[in-house]
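Peer 1: sequence and computational prediction follow.
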Amino acid sequence: MQNHSNPGDGSGSVALLGTSAHESDSSANDGSPYISVVSLWKVFGRNPERVMAPEYAEKDKSFFQSEYGNVVGLRDVSFDVRKGETFVVMGLSGSGKSTLVRCLLRLIEPTAGDILIAGENVTKMTDKELVDFRRAKIAMVFQHYGLMPHRNVLDNAAWGLEVQGVEKENRNDRTRKVLEMVGLAGWEDAYPRQLSGGMQQRVGLARALVVDTDILLMDEPFSGLDPLIRRQMQDELLNLQTELQKTIVFITHDLNEALKLGDQIAIMHDGAVAQIGSPEDIVLRPEDEYVGDFTQDVRLESVLTASKVMVSPKATVMGRQGPRAALHTIGESDGDVAWVVDSHEKYVGLLSISNAERALRAGVKRVDEAWDLWTEVTCRFLRLQRSIP
Ligand SMILES: Nc1ncnc2c1ncn2[C@@H]1O[C@H](COP(=O)(O)OP(=O)(O)OP(=O)(O)O)[C@@H](O)[C@H]1O
């Protein structure tokens, strides 16, 4: 662990909208973490190091505040985020969420610990390296959208590209596409005062997306919105994310929002991480009383959606194939179910390993005779929906 104490703390305003996105990152798609936070501490006040001493490990936040006047913002926080993942940091007011997100960018200097992003150690960067890195890699969306009142929607959203010196025609073309993505086509000439809160937040989102960075840091972006608009924005973020596959760190104090959006959720408590896990882990397997209290009123069906439990076949077999060959194909696909297609490559069924094994034992010659009622009904339904790939 290394120290990075800096008396000049505070969240300065920094231009975070950057240059091009997909530059040299080696830690990209190999399953290794894209963002790695290792034993991160932020202690406000004098002599922050004493708070980190091992003999104080059992003391709580109020002890340091009353004894020494130190406020523990972050306490030995570690986590990994993989590329394309939405990592939600959730906690009550004062639990350290904003401190964490600001430390990730070094808008606040961490007291100790390491932050590795795209294979680079952010905590070791010089000021100049840091500015370039933020521009290239990270865009932010805040609760307060910070739109410029005298600029129209197009110019507000295009601002990051303008800062980069992108020529007007190009930047407007790109910005128009992004505005369309976030549902603001036709509003390019409007001014912020003419927009609802939800629409202003869409402009904020467009402004972050337009610069096309790999990472989005979203600090309570939907907190100021009406519940209905908030749900719409959450749904749209999920849709956008299916397509864009950004690496998102999303801060919220709303558990339902966390469960809806997060691939992983970190629950913060007094600056420390109480639990990190998938929505299912958090709700079904809370690790302590604090997390359990949080999640006790969650409706299970809001977490255990069909999409979380469905199987996605990775293999395709021909209906006229025998069950032995089909079993071989399914086995090689590292899954336990396959699509079945006819000679015109039309999807006609689903074949599970157990069905194929049963068919083999029963001497069935073709796998298109091996499905059961469930797969047949499912398949008919999927065909009706036209959603078979
Ligand atoms: N500049 C500062 N000086 C001293 N203490 C601070 C400073 N900034 C934050 N804190 C303290 O650090 C702790 C974590 O605050 P932080 O703002 O990160 O919490 P939060 O979870 O984001 O809360 P909220 O949801 O209300 O924004 C709090 O106790 C807060 O009072």
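Peer 2: Perfect, thanks for sending it.

Peer 1: check the offset of the helix or strand harbouring Ile265 from the chain's centre.
Peer 2: Element membership for Ile265 (DSSP states H and E) is strand 264-269. Centre-to-centre, strand 264-269 and its host chain are 13 Å apart (Cα atoms, centre = their mean, to the nearest Å).

Peer 1: go on, stretch 293-313?
Peer 2: 17 Å.

Peer 1: go on, stretch 85-99?
Peer 2: 13 Å.

Peer 1: got a list of contacts for that stretch?
Peer 2: Stretch 85-99 has contacts (Cβ atoms under 8 Å, 6 or more residues apart in numbering) with 34-35, 42, 73-75, 77, 79, 81, 100-101, 108, 219-220, 241, 247-255, 257-258, 261-272. All C-beta atoms are positioned from the backbone trio N, CA, C, and that covers glycine.

Peer 1: return a ChimeraX selection command for the buried portion of those.
Peer 2: This is how ChimeraX selects the buried members of the contacts of stretch 85-99, with burial counted by 16 or more other Cβ atoms under 10 Å:
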select :34,35,42,73,74,75,77,79,81,100,101,108,219,220,241,247,248,249,250,251,252,253,254,255,257,258,261,262,264,265,266,267,268,269,270,271,272
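
Peer 1: circling back: which strands and helices sit next to the strand holding Ile265?
Peer 2: strand 71-82, strand 86-91, strand 272-277, helix 279-284, helix 289-295 (3 or more Cβ pairs under 8 Å, 6 or more residues apart in numbering; DSSP states H and E).

Peer 1: got the angle between the longest one and strand 264-269?
Peer 2: Which is strand 71-82. 170 degrees (axes from the mean of the first three to the mean of the last three Cα atoms, to 10 degrees).

Peer 1: could you dump strand 71-82 to CSV, C-alpha only?
Peer 2: In CSV, the C-alpha atoms belonging to strand 71-82 read as follows (Å, rounded to 0.1, in the frame of the first residue of the first chain):
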residue,chain,number,x,y,z
VAL,A,71,-13.5,11.7,9.0
VAL,A,72,-13.2,8.3,7.4
GLY,A,73,-14.4,8.8,3.9
LEU,A,74,-13.1,5.4,2.5
ARG,A,75,-11.9,2.5,4.6
ASP,A,76,-9.8,-0.1,2.9
VAL,A,77,-12.0,-0.4,-0.2
SER,A,78,-11.1,-3.0,-2.8
PHE,A,79,-13.0,-4.2,-5.9
ASP,A,80,-12.6,-5.2,-9.5
VAL,A,81,-14.8,-4.2,-12.5
ARG,A,82,-14.5,-6.1,-15.7
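
Peer 1: can you tell which of the helices and strands packed on strand 264-269 is closest to Gln194?
Peer 2: strand 86-91 (31.2 Å; Cβ to Cβ).

Peer 1: for the strand holding Ile265, which strands pair with it and how are they oriented?
Peer 2: strand 86-91 (parallel), strand 272-277 (antiparallel) (DSSP bridges).

Peer 1: buried residues in the first one?
Peer 2: What it means is strand 86-91. 86-91.

Peer 1: please identify which of these is nearest to the ligand.
Peer 2: Nearest to the ligand out of these is Gly91 (Cβ to the nearest ligand atom; 5.3 Å).

Peer 1: report the beta-bridge partners for that closest one.
Peer 2: Met268.

Peer 1: pull up the gap between it and Phe63, please.
Peer 2: Counting by Cβ to Cβ, to the nearest Å, the separation of Gly91 from Phe63 is 20 Å.

Peer 1: need phi/psi at Val311.
Peer 2: phi -100, psi 140 (degrees, to the nearest 10).

Peer 1: which ones are touching it?
Peer 2: 335-337.

Peer 1: and Ala315, by the same measure?
Peer 2: 329-330, 332-333, 335, 337-339 are the contacts of Ala315 under Cβ under 8 Å, 6+ apart.

Peer 1: equivalent analysis for Glu220, please.
Peer 2: 97, 142-143, 251-253.

Peer 1: between the residues you listed, which sits nearest the ligand?
Peer 2: Of the contacts of Glu220, the one sitting nearest to the ligand (Cβ to the nearest ligand atom) turns out to be Lys97, at 3.7 Å.

Peer 1: separation between the closest one and Gly197?
Peer 2: The separation that Lys97 has from Gly197, given Cβ to Cβ, amounts to 21 Å.

Peer 1: one step back: and the helices and strands packed on strand 264-269: which comes nearest the ligand?
Peer 2: strand 71-82 (3.8 Å).

Peer 1: show me what the closest one is packed up against.
Peer 2: strand 33-44, helix 61-68, helix 97-104, strand 247-252, strand 264-269, strand 272-277.

Peer 1: specify the angle between it and helix 97-104 in degrees.
Peer 2: Using the same axes, to 10 degrees: strand 71-82 against helix 97-104 is 60 degrees.

Peer 1: mind listing what Leu209 touches?
Peer 2: 139, 178, 181-182, 216, 240, 244 are the contacts of Leu209 under Cβ under 8 Å, 6+ apart.
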